[in-house]
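In: Sequence first, then the predicted structure, then my questions.
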Amino acid sequence: MSQTMGMEPLWTVRELAQYLQYQESTVRRLACSEPERLPPRVQSLGRPRWDPETVRRWVLAPAETRKRRVGRPRSN
């Protein structure tokens, strides 16, 4: 696992999937085809990695600050 300067290690696809309660295959697919639906990942690494603190802030952020899904609105 990669490590940031003395901080918590960066998360892999598996760790991000566990935290978000997604399948690993879903995270891999989204990372390639719809990265805006996942927390921002650490750039300049060969494989996708996420900073745990950034992920936690992203999850706690109000939904309005995240990109909305595109498509037909659902009726309530």
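Out: That came through fine.

In: Surely Gly10 touches Trp50?
Out: Slight slip there: residue 10 is Leu, not Gly. Yes. Taking contacts as C-beta atoms under 8 Å, Leu10 lies within contact range of Trp50: 6.4 Å. Bear in mind the C-beta positions are built from the backbone N, C-alpha and C, glycine included.

In: what about this protein, any weak spots by pLDDT?
Out: When residues are selected by pLDDT under 70, those of the chain lie in 1-6, 64-71, 73-74, 76.

In: Common neighbours of Leu10 and Trp50, please.
Out: Val42 (C-beta atoms under 8 Å, 6 or more residues apart in numbering).

In: Return the residues in contact with Tyr22.
Out: Leu16, Leu30.

In: Distance-wise, check it relative to Ser75.
Out: The gap separating Tyr22 from Ser75 is 26 Å, by C-beta to C-beta, to the nearest Å.

In: repeat for Leu10
Out: Leu10 is 40 Å from Ser75, by C-beta to C-beta.

In: check contacts around the residue nearest to Val13 when sequence neighbours are not counted.
Out: Closest residue to Val13 apart from its sequence neighbours, by C-beta to C-beta, 6 or more residues apart in numbering: Val27 at 5.0 Å. Taking C-beta under 8 Å, 6+ apart, we find Val27 in contact with Val13, Leu16, Ala17, Leu20, Leu38.
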